[in-house]
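Q: What shape does this take:
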Amino acid sequence: MIAIMLIFVFVPISAHSFIEKKEDCVNRDDSLLENFAWERILNGINEFEVVSIEFHPNKQEIIYVATSKALYVSNDKGESFSSVFYIKGSQATISDVFIGDNSIYVVSDSDVFFSCDGKDWRKIFSSDMSRNQRCFSVLDTKERIYVATSIGLFFRLKSDLVWKKMTGELGLNPVFLIRSEKDRIYVSTENNLFKFLDRDMKVERIFSGSSFLRDSENVDSFDNYQDLFYFREILDFSILSSGIFMATRNGILYRSNSDKSWKNISVQGFSPKDIVSIDVVDENQMIVASKKGVFVFSNNQWAQLYKGMLSSSISCLGCTKQGEIFAGSPKGLFALKKQIESVRSFPGDYRKVRKFFESEPSIQYVQRMAIEYAEVSPNKVKQWRQQAKRKAWLPDLSIGVDGNKNLTTSDSVYGSYSSGGQQYVGSDDKTFYNNFGWDVSLSWDLGDIIWNSDQTSIDSRSKLMVELREDILDEVTRLYFERRRIQIKILTDNAQEMQNLVDQQMRIEELTALIDALTGGQFSQEINSSN
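A: Residues are numbered from 1 along each chain as shown. Modelled structure (predicted):
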């Protein structure tokens, strides 16, 4: 099998087409993407949790990939990587990377590190961890260096070593993302987007959204600004010379430089609140990374790039000017490549292909094995609820025991006479006490028959268990069918036309299995009972 890096070609459309042709997004057509698949890159990267992908601005073949603990560089378009930075401290993690012409910046939880060549590093900014302050993003312009933090936006002139804090809203509120397009700087807070020119720094608000945190009933549950980062209204934005594409919890918006109003772009196949990153190379190329996978807008339709991806949760995207696409996930770094294979005759029906794997367990059986192994079966919660109900009929039993033993003595004079100087004293008066008692009491709280306070704890634990079970089932399903695709590739050598039909049938079965994972298999039972 020969794999070549994808140079993604979209049917030419304009930003106006993104907005006006919403009806075209309803019916997805994956035929344009069926020969593309993700391939994991392992050469030189020691950690799997990829958090950032950046390219050299003038040499796109140079790729920088940051994991939670280290920064790696590739000089051969991702074929191999070498480590150039490792963050010290068991609790410290990398959150962002910025690559300039002759500068490399790495943002950790509380610090910003700088290097000219990737060899000599120095710390240029540090926040106060004792006050729960965090660094989120960094930007290097011709005149200044900007750092977005949980307590506002900081900057300094390159000719100066003193950091200053922005005035106004950008100095009073957490700043999360900072981007630039030529000399224009764009900055996002929780629910606002601002812009200003690097030379005069006159701030203008260009978007104001709803405040999720202030409207949330769970505002007290956010213990630190790192939590706040993941629950902001503005999730990401991409700057073009012609306008701005912005992902929010309520949808994807576009604003051209000639128009002051924001227009909504129809989203199909994923929820906007799950968006992690949006990358728009030009008006014809939009790629979205979400917690449910990678989605691309092609031929006026949204399509998911799912083949070969071992994780549904995507942490970051990287797209070169030539259209080469990379994705980072908790499972590692992936590159989207086109699969070109030799042709061999093979039946174009997945139901016939499955007979080659009859000795292997079905996906449903594998899912049950995964649930049993992780101890996240729904029956466990049902058992908790039943036990909580039975508990109300059982009384509180209290047993008490009281015992007491003692001895008292006394001397008594019961007779005396003076004749002869003699005195008679009586014998000791001895009294023994041997007291023993016990009691048993039973009590019922009849209100527990109607509502048991343990149900609240069970509801909370049940919600966490459902989320964990869905994550496990989603992962095992993806791994199962990715393994099956590789098996079929080995068998078929990819007979192109027939394989297309097989792959579509497999996609249907994969989606059926994912639905079964969320319904306890009842989806397939209903289908089978109706046939």
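Q: mean confidence for stretch 387-398?
A: Stretch 387-398 shows a mean pLDDT of 71.
Q: no wait, stretch 243-253
A: Average pLDDT, stretch 243-253: 91.
Q: what sits up against that stretch?
A: For stretch 243-253, the surrounding residues in contact (CB atoms under 8 Å, 6 or more residues apart in numbering) are 15, 186, 193, 206-207, 209-210, 212, 233-238, 254-257, 259, 262-265, 267, 272-273, 275, 277-278, 280, 286, 288. C-beta here means a position set from N, CA and C on the backbone, and glycine is covered the same way.
Q: Check which residues of that stretch are buried.
A: For stretch 243-253, burial by neighbour count (16 or more other CB atoms under 10 Å) applies to 243-249, 251-253.
Q: Equivalent analysis for stretch 314-334, please.
A: In terms of neighbour count (16+ other CB under 10 Å), stretch 314-334 has its buried residues at 314-320, 323-334.
Q: What is the distance between it and the centre of its chain?
A: 16 Å (CA atoms, centre = their mean, to the nearest Å).
Q: hmm, back to that, which of the buried residues of stretch 314-334 fall within strands?
A: 316-319, 325-329, 332-334 (DSSP state E).
Q: Tell me the one of the residues you listed nearest residue 391?
A: Taking CB to CB as the measure, residue 391 lies nearest residue 329 of these, at 43.6 Å.
Q: Wait, that closest one touches residue 308, no?
A: No: in this structure residue 329 lies outside contact range of residue 308 using CB atoms under 8 Å: 11.5 Å.
Q: domains for the chain, by residue range?
A: Domain assignment of the chain by automatic domain parsing yields the ranges 2-338, 350-381+452-530, 394-450.
Q: can you redo the ones you listed as a markdown table with distance to residue 387?
A: Output for the domains of the chain, formatted as a markdown table (distance: least, CB to CB, whole Å):
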| stretch | distance to residue 387 |
| --- | --- |
| domain 2-338 | 29 |
| domain 350-381+452-530 | 9 |
| domain 394-450 | 10 |
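Q: in the protein, which helix or strand is least confident?
A: Lowest by mean pLDDT, DSSP states H and E among the helices and strands of the chain is strand 2-5, with a mean of 40.
Q: Mind jotting down where the helices sit in the protein?
A: All helices of the chain, identified by DSSP state H, fall at 15-20, 169-172, 212-215, 225-230, 350-353, 363-374, 378-391, 447-450, 454-492, 496-519, 522-530.
Q: show me what contacts the nearest residue to residue 208 once chain neighbours are set aside?
A: Residue nearest to residue 208 in three dimensions, not counting chain neighbours: residue 192, with 5.3 Å by CB to CB, 6 or more residues apart in numbering. Contacts for residue 192 (CB under 8 Å, 6+ apart) come out as 169, 205, 207-209, 234.
Q: and if you look at residue 468?
A: 374, 376.
Q: do you know how far it is from residue 268?
A: Shown here: residue 468 relative to residue 268, a distance of 28 Å by CB to CB, to the nearest Å.
Q: cool, and residue 502?
A: Per CB to CB, residue 502 is found 25 Å from residue 268.
Q: pLDDT score assigned to the closest residue to residue 93 other than its chain neighbours?
A: Distance criterion CB to CB, 6+ apart; nearest residue to residue 93, sequence neighbours excluded, is residue 68 at 4.5 Å. As predicted, residue 68 sits at a pLDDT of 91.
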